[in-house]
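>>> 3D, please:
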Amino acid sequence: MKRSNGYVSASSTHEGGDHGWDRDQFHVARISEPTPMPDAALDRPVILIAEDEVLVRMMIADVVQDAGFKVIEAADALEALRVLEARADVSVLITDIEMPPGPSGLDLAAEVRQRWPFVQVIVTSGRVRPSNDEVPQGVVFIPKPWRAESMARCVIEAVERVEGMGPAYPRLGIMGR
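Numbers count the residues shown, from 1 in each chain. Now for the predicted structure:
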């Protein structure tokens, strides 16, 4: 991952099975200024990021933190599920689709929507373009490469949906503002 003049460039290489080595490259413009969040100093929403590529996970975390949110990182779907089982304050999950060796991001998204329906889910991938039937209802798909501003806006909108659920989900700690 390289940072230059306010832009982030990242690439990853992995063994692609029968296809040899695959290389992903994407360029993401950083947010020039953090997006202000109301009452952000005390009660910032928590965003869980599930991504197996460390540099990509760090880049997403930077974008989300720059937008004014708290971040928890998970290296795979099983770790993300453990976080969700242990914490009641996660508002949004951002997950990659391909996270070997365990469940995919789409599997994770489906389980999260079933077990924690108040958690909003954003799924992203640079290689997989799921059909509408493959994406669980209520889940947002963002193809890579995405712009930092687009990801930040998507997270803000997801948090607004959680906040709009009102008193039915008081344990999130972000309601009633």
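>>> Going by C-alpha atoms from here, please, whenever you check contacts or count neighbours.
OK.
>>> could you point out where this structure is predicted with low confidence?
The chain contains residues with pLDDT under 70 at 1-42, 166-177.
>>> on contacts alone, who are the packing partners of the longest helix seen in the chain?
When the chain is parsed with DSSP state H, its longest helix is helix 148-163. Helix 148-163 sits against strand 21-29, helix 54-66, strand 90-96, strand 120-125, with contacts defined as 3 or more C-alpha pairs under 8 Å, 6 or more residues apart in numbering; DSSP states H and E.
>>> Only C-alpha atoms, please: export the shortest one in CSV.
Extracted in CSV, the C-alpha atoms of strand 120-125 (Å, rounded to 0.1, in the frame of the first residue of the first chain):
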residue,chain,number,x,y,z
GLN,A,120,-26.4,-3.1,8.6
VAL,A,121,-24.1,-5.0,6.2
ILE,A,122,-21.9,-3.7,3.4
VAL,A,123,-20.3,-6.3,1.1
THR,A,124,-17.4,-5.5,-1.2
SER,A,125,-15.3,-7.4,-3.7
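>>> list the contacts for residue 122?
Residue 122 sits next to 92, 93, 94, 95, 139, 140, 141, 142, 155 when contact means C-alpha atoms under 8 Å, 6 or more residues apart in numbering.
>>> And it, how far from residue 133?
Look at residue 122 and residue 133: by C-alpha to C-alpha, to the nearest Å, they are 16 Å apart.
>>> now do residue 60
As it turns out, when the distance is counted by C-alpha to C-alpha, residue 60 lies 26 Å from residue 133.
>>> the more surrounded of these two?
A side-by-side neighbour count of residue 60 and residue 133, using other C-alpha atoms under 10 Å, places residue 60 first with 22 against 7.
>>> Not counting its neighbours along the chain, what's nearest that one?
Distances taken as C-alpha to C-alpha, 6 or more residues apart in numbering place residue 49 nearest to residue 60, at 7.6 Å, with adjacent residues excluded.
>>> From the contact counts, what lies against the one helix or strand the one you found maps to?
Using DSSP states H and E, the element containing residue 49 is strand 46-50. Strand 46-50 sits against helix 54-66, strand 70-74, helix 77-86, strand 90-96, with contacts defined as 3+ C-alpha pairs under 8 Å, 6+ apart.
>>> Now do that strand and helix 77-86, the angle between them.
Note on geometry: by axes from the mean of the first three to the mean of the last three C-alpha atoms, to 10 degrees, strand 46-50 and helix 77-86 are set 160 degrees apart in direction.
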